[in-house]
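A.B. asks: Please work out how this folds:
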Amino acid sequence: MTAEVQHQAWKRFALWAASSTAALFLVLLGGVYLIDPYDTGRSPFSTEPDLRGQKEVNATASVGRNPTYEAAVIGNSTIALIMPSRLTALTGIPFAQLSVPGVQIPEQLTIIDWFMKHHVGTAKALVIAVNRDTWCAHDPTQTGTSPFPFWRFSDSPFEYLAGLISMSSVEQAGRRLGLVRSSKTEPAVDGYWDYEPIYARLLADHSRRRELLSQRLNEQQGFADPSFPAVSTLKQKLTALPADLSVVFVFPPVFTAKQPRPGTPRHRSEQACRQRFIDFAAERPNTATIDWWNDRPELKSPDVFIDQIHYRHPIARIMEDDIAAALHSIRGIAPMTSSRKVGDTGAPAIR
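C.D. replies: Predicted structure coming up:
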């Protein structure tokens, strides 16, 4: 075989290998797209939202597009323990839980957009967690430290396809088909996930947990930007939504040791941010605030907190009563009978 013939043979082989690899890649990408591993509804085979094999953030697109739900809980893990099924029972409005651990402002706004896009004319309420360490302390363009799949919620088909190119998408496709089992607890159909089992080791270590709970923050330093630009960002977002959409701002509680002492720079800064949200709620129709921002007697017990920002079920149940009462007031429904059991602090502020 001459060198020229050998060269041509290798050239044909390289071309065949490259074209075969490209074809295989396109077939694999097309297959993953049709399987729709995150149940975004883009595949022609996607019909009713299906959560099988989904977990935590992997479920968000599916739950958020589900027409069954007419209201959503938005935020990070500080609002995750609010049970949508209980809000549904208390208000008659079908709720979904769309909180994602560790997310900051851009991620939460993306989830709001996704839910509203899939519930045009049917969305009745949003419950938004105003976490002080997120909405007061951060640049509204700053994303969280944990990667968030913005591409799953993108309007761009090219961005979505680019995001699908990963082993995690292939693995998730296997879960969707029931070929791969998840080792983690999957969320409920309405997106609810209980974070307490994640902290089982810490909950069992009483001395370590109490040590973490008792640590005090630096009270001599307030938030970096006293204009709190995130408030304006959220105002712009909600202004573009229907005025008759009920909105409830929930200020999640923190353990008493995380509360800055009155008169300190941190306290003044936190209160200024809190007031901005209260004023915003007063300006916007059909809006309420559930104010668990300041210290309360029921927040002093270590038994109702895992760490300084993650409360436990007894607190969540009372907060659910508050949210339901606010929605009843906004929507002109007769007040419900509350199931409060500890530290009754009165009615929520209705704006």
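
A.B. asks: Next, work out how far apart Asn76 and Ile105 are.
C.D. replies: 10 Å (CB to CB, to the nearest Å). Using the backbone N, CA and C atoms, a C-beta is placed for each residue, glycine as well.

A.B. asks: Report the set of residues contacting both of the two.
C.D. replies: Thr134 (CB atoms under 8 Å, 6 or more residues apart in numbering).

A.B. asks: Could you tell me the phi and psi values at the nearest residue to Ile306 once chain neighbours are set aside?
C.D. replies: In space, and not counting its chain neighbours, Ile306 is closest to Tyr199: 4.8 Å by CB to CB, 6 or more residues apart in numbering. With angles defined as degrees, to the nearest 10, Tyr199 sits at phi -100, psi 20.

A.B. asks: Just give me the neighbour total for Tyr199.
C.D. replies: 15 (other CB atoms under 10 Å).

A.B. asks: repeat for Pro229
C.D. replies: The burial count for Pro229: 13, using other CB under 10 Å.

A.B. asks: And Thr68, by the same measure?
C.D. replies: 11.

A.B. asks: That one and Pro94 touch, don't they?
C.D. replies: Yes - Thr68 is within contact range of Pro94, at 5.7 Å (criterion: CB atoms under 8 Å).

A.B. asks: residue ranges with poor pLDDT in this protein?
C.D. replies: 1, 3-31, 51-56, 179-186, 333-351 (pLDDT under 70).

A.B. asks: Spell out the residue ranges of the strands in it.
C.D. replies: 71-74, 95-97, 125-129, 246-251, 287-291, 349-350 (DSSP state E).

A.B. asks: distance between the longest one and the chain's centre?
C.D. replies: Spelled out, that is strand 246-251. Offset of strand 246-251 from its chain centre (CA atoms, centre = their mean, to the nearest Å): 14 Å.

A.B. asks: Packing partners of that strand?
C.D. replies: strand 125-129, helix 265-283, strand 287-291, helix 313-330 (3 or more CB pairs under 8 Å, 6 or more residues apart in numbering; DSSP states H and E).

A.B. asks: out of the strands of the chain, nearest to Arg42?
C.D. replies: strand 95-97 (19.4 Å; CB to CB).

A.B. asks: got a list of contacts for the closest one?
C.D. replies: Contacts of strand 95-97 (CB under 8 Å, 6+ apart): 63-64, 66, 69-73, 80, 82-85, 87-88, 115, 125, 127, 187-188, 190-193.

A.B. asks: Quick check on the residues you listed: which are buried?
C.D. replies: By neighbour count, with 16 or more other CB atoms under 10 Å, these hold 63-64, 66, 69-73, 80, 82-84, 87-88, 115, 125, 127, 187-188, 190-193 as buried.

A.B. asks: which residue is nearest the middle of this structure?
C.D. replies: Among the residues of the chain, the one closest to the centroid is Ser99, at 2.2 Å (CA atoms, centre = their mean).

A.B. asks: got a list of what it touches?
C.D. replies: 73-77, 79-80, 82, 129.

A.B. asks: quick one: the helices in the protein?
C.D. replies: 3-35, 60-65, 84-91, 105-117, 157-164, 167-176, 200-204, 206-214, 229-239, 265-283, 313-330 (DSSP state H).

A.B. asks: would you turn these into TSV with distance to Gln142?
C.D. replies: Shown next, in TSV, are those (distance: least, CB to CB, whole Å):
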stretch	distance to Gln142
helix 3-35	31
helix 60-65	20
helix 84-91	28
helix 105-117	7
helix 157-164	20
helix 167-176	24
helix 200-204	27
helix 206-214	25
helix 229-239	10
helix 265-283	16
helix 313-330	27
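
A.B. asks: okay, those, which one's buried deepest?
C.D. replies: helix 60-65 (a mean of 26; mean count of other CB atoms under 10 Å).

A.B. asks: So what's the gap between that one and the chain middle?
C.D. replies: 11 Å.

A.B. asks: Mind listing residues that contact that helix?
C.D. replies: Outside helix 60-65, the residues touching it (CB under 8 Å, 6+ apart) are 38-41, 49-51, 54, 69, 72, 96-98, 100, 111, 114-115, 118, 152-153, 187, 189-191.
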